[in-house]
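A.B. asks: this one's sequence-less:
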């Protein structure tokens, strides 16, 4: 997920996201699925946290990697 200009207090916050997963329930073999999502948070306040929630309440098999600007 890319969150654009999260510390700005002037503009609403736009984001884009790409999700990859393997659907192993398809017949006859698993397929790779890529999902693209974009939108915005309709607030001008600075965003200082992001929370990821899963339907199953666990992330045993997933990975979240965070990249950003150090000491920004």
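C.D. replies: That came in fine, so what should we check first? Everything numeric in this text was worked out from a predicted model, so none of it was measured.
A.B. asks: the strands in this structure, which residues?
C.D. replies: Here the chain has its strands, by DSSP state E, at 2-3, 13-23, 31-41.
A.B. asks: Could you spell out the sheet neighbours of the first one, each with its direction?
C.D. replies: Its sheet considered, strand 2-3 pairs with strand 13-23 (antiparallel) by DSSP bridges.
A.B. asks: List the contacts of the partner strand.
C.D. replies: Contact partners of strand 13-23, identified using Cβ atoms under 8 Å, 6 or more residues apart in numbering, comprise 1-6, 30-41, 43, 47. For the C-beta atoms, the positions are set from N, CA and C on the backbone; glycine is no exception.
A.B. asks: chain center to that strand: distance?
C.D. replies: 5 Å (Cα atoms, centre = their mean, to the nearest Å).
A.B. asks: Give the rounded mean pLDDT of stretch 8-21.
C.D. replies: The average pLDDT for stretch 8-21 rounds to 91.
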